[in-house]
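Visitor: Structure, please.
(one chain, ligands or ions: 1)
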Amino acid sequence: LLIGVPREVFAGEKRVATVPEVVEKLIKLGFRVVVESGAGETASLSDESYRAAGASIAASAAELWSGADIVFKVRAPAEDEVAQMREGMTLVSFIWPAQNPELMQKLAAKKVTVLAIDALPRQLSRAQKMDALTSQAGVAGYRAVVEAANAFGRFFNGQITAAGKVPPARVFIAGAGVAGLAAIGTAAGLGAVVRANDTRAEVADQVKSLGGEFVKVDYEEDGSGGGGYAKVMSEGFQQAQREMYAREAKDADIIITTALIPGKPAPKLITAEMVQSMKPGSVIVDMAAEQGGNCELTVPGEAVVRHGVTIVGYTDLVSRLSRQSSTLYATNLFRLTEELCKTKDGQINVNFDDDAIRGLTVIKDGEVTWPAPAPKLP
Ligand code: NAD
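Guide: As a prediction, the model looks like this:
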């Protein structure tokens, strides 16, 4: 079969769904690969590099969509892309079916098969190698620290030099999921003193193992909701948490917030008052900006200065590291392709007896198969 990789059309999206290293591996699995001309440009990947890896280059999106049997994408397809899909083809992409019911209907009407990488049952350990939410959140967490360091006027690490003693930067991380943990490891690696909080007490050990100190809210309530995700906390907990965050904000040089609750707006954890209490020159990176922000003063997509504090609300952190995020995403899709093509003959089998495959198949031959039944855990 022919795997096609178009240029992403979503504004500001700089990732691409495959990279030359992975093209070679797909070809070894028996597939042919076609890449739209310019698809890798924003990730520093030339047409020539794809060609050298064995891909052919399609001159236009129309040529790509008309030939491919399977299309790999990053962003959910735009209307114009859906219009070009042909009956029987397979799409692998982020889809977010719960948020995009109209798109789901349009895709089903095309009688295609759709594998939504965001619908992968992440709790299956076997699925980890395909988990693009994790790989991309890891990139975003790293980049959040880089953005913070860029906006911060001092070192991260403490130094004793002939010109004087410099204390290490104090970094506070709100939310220690995948992105938060990546941020903890990165900030600690740069030499900062890192403290972190999450409503799910189970992450305390992970925070510690990455070089951070876990700061607990003084209130007996655990935040674990379903599937390893967080829940909305009680009013009493939120009050206690605000008091703790107010103390941390006063001490911190940098705050990175990553707190999300599936299907809900991001919890507001950093109030305007807390921002005001921070030292001038401090930095907040609000990774929840796209979901409404964890800080009251965040402007999504922008970096603003309020009360002398730089508040970074960029919503394109993964695209700001597009070569890395593309490589990891492409590898996740390759791992998925291996599962779909056990026979290594360039054919795919969307096998519903496989819990991971079943979970991410949201449309099969035009029939909506989402949401999948919960996978059987070993
Ligand atoms: P996420 O992006 O939905 O949320 C980020 C973090 O914010 C979470 O840790 C959450 O607990 C925290 N949070 C929510 N509300 C908060 C609040 N009011 N205050 C402080 N923190 C708050 O989560 P994610 O990073 O995608 O990961 C979610 C879970 O999925 C993790 O627990 C992870 O263990 C699990 N996961 C498991 C696997 C696996 O088992 N293979 C793989 C990936 C992720």
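
Visitor: show me what contacts residue 171?
Guide: 145, 148, 156, 187, 192-195, 252-256 (Cβ atoms under 8 Å, 6 or more residues apart in numbering). The way it works is simple: take the backbone N, C-alpha and C, and place the C-beta from them, glycine included.

Visitor: Can you tell me which of the residues you listed end up in helices?
Guide: Of the positions in the contacts of residue 171, 145, 148, 187 sit in helices, assigned by DSSP state H.

Visitor: still on that earlier bit, possible to save the contacts of residue 171 as CSV with pLDDT and neighbour count?
Guide: Below are the contacts of residue 171 laid out as CSV (pLDDT from 0 to 100; neighbours: other Cβ atoms under 10 Å):
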residue, pLDDT, neighbour count
145, 98, 26
148, 98, 27
156, 98, 24
187, 98, 30
192, 98, 27
193, 98, 21
194, 99, 28
195, 98, 20
252, 98, 23
253, 98, 22
254, 98, 28
255, 99, 29
256, 99, 30
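
Visitor: The chain against the ligand: which residues are in contact?
Guide: Residues of the chain that fall close to the ligand, judged by Cβ under 6 Å from any ligand atom: 122-123, 125, 128, 131, 133-134, 137, 174-180, 197-200, 223, 228-230, 233, 258-262, 267, 269.

Visitor: rerun that using 5 Å as the cut-off
Guide: Residues of the chain lying close to the ligand by Cβ under 5 Å from any ligand atom are 122, 128, 134, 175, 177-178, 198-200, 228, 230, 259-260, 267.

Visitor: Can you give me the neighbour number for whatever residue of the stretch 151-300 of the chain ends up closest to the ligand?
Guide: In the stretch 151-300 of the chain, no residue comes nearer to the ligand than residue 177, which is 2.3 Å away by Cβ to the nearest ligand atom. If you count neighbours by other Cβ atoms under 10 Å, residue 177 ends up with 21.

Visitor: ok, it - contacts?
Guide: Listed by Cβ under 8 Å, 6+ apart, the contact partners of residue 177 are 137, 198, 203, 230, 258, 260.

Visitor: Turn those residues into JSON lines, including distance to residue 351 and secondary structure.
Guide: Formatted as JSON lines, the contacts of residue 177 follow (distance: Cβ to Cβ, whole Å; DSSP: H, G, I helix; E, B strand; the rest coil):
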{"residue": "137", "distance to residue 351": "28", "secondary structure": "helix"}
{"residue": "198", "distance to residue 351": "36", "secondary structure": "coil"}
{"residue": "203", "distance to residue 351": "34", "secondary structure": "helix"}
{"residue": "230", "distance to residue 351": "32", "secondary structure": "strand"}
{"residue": "258", "distance to residue 351": "35", "secondary structure": "coil"}
{"residue": "260", "distance to residue 351": "32", "secondary structure": "coil"}
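
Visitor: Which positions within whichever strand or helix holds residue 336 qualify as buried?
Guide: Per DSSP states H and E: residue 336 is located in helix 322-340. By neighbour count with 16 or more other Cβ atoms under 10 Å, helix 322-340 contains the buried residues 322, 324-337, 339-340.

Visitor: Then stretch 265-284?
Guide: 266-271, 274-275, 277-278, 282-284.

Visitor: Next, the residue lying closest to residue 315 once chain neighbours are set aside: phi, psi?
Guide: Nearest residue to residue 315, sequence neighbours excluded (Cβ to Cβ, 6 or more residues apart in numbering): residue 290, at 4.4 Å. Residue 290 adopts backbone torsions of phi -70, psi -30, taken as degrees, to the nearest 10.

Visitor: and if you look at residue 364?
Guide: In terms of degrees, to the nearest 10, the main-chain angles of residue 364 are phi -120, psi 120.

Visitor: Can you read off the pLDDT for it?
Guide: pLDDT recorded at residue 364 is 98.

Visitor: For the remainder of this discussion, apply numbering that starts at 44.
Guide: With 44 as the first residue, the last one maps to residue 407.

Visitor: isn't it right next to residue 391, touching?
Guide: No - in this structure, residue 407 is not within contact of residue 391 by Cβ atoms under 8 Å, at 12.0 Å.

Visitor: In terms of neighbours, single out the busier of these two.
Guide: Per other Cβ under 10 Å, whichever of residue 407 and residue 391 has more neighbours is residue 391, with 24 against 18.

Visitor: Would you enumerate the residues in contact with that one?
Guide: Counting by Cβ under 8 Å, 6+ apart, residue 391 makes contact with 44, 113, 133, 380, 383-384.

Visitor: Now do stretch 333-342, average pLDDT.
Guide: Taken as a whole, stretch 333-342 has a mean pLDDT of 97.

Visitor: buried set for it?
Guide: Of the residues in stretch 333-342, 333-334, 336-341 count as buried by neighbour count, 16+ other Cβ under 10 Å.

Visitor: what does stretch 256-265 rub up against?
Guide: 215, 219, 237-244, 246-247, 250-251, 276-277, 279-280, 283-284, 287, 291.

Visitor: try stretch 180-200
Guide: 209, 211-212, 214, 220-226, 229-230, 233-235, 296-297, 299, 301, 324-326, 328, 330, 346, 353, 355, 357, 360-361, 363-364, 367-368, 371.

Visitor: Nearest residue to residue 105 in space, ignoring adjacent ones along the chain?
Guide: residue 127 (6.7 Å).

Visitor: Could you measure from the one you found over to residue 283?
Guide: 53 Å (Cβ to Cβ, to the nearest Å).

Visitor: just the strands in the stretch 144-293 of the chain please.
Guide: For the stretch 144-293 of the chain, applying DSSP state E, counting those that start in this stretch gives strands covering 156-159, 202-204, 207-209, 213-217, 236-240, 255-257.
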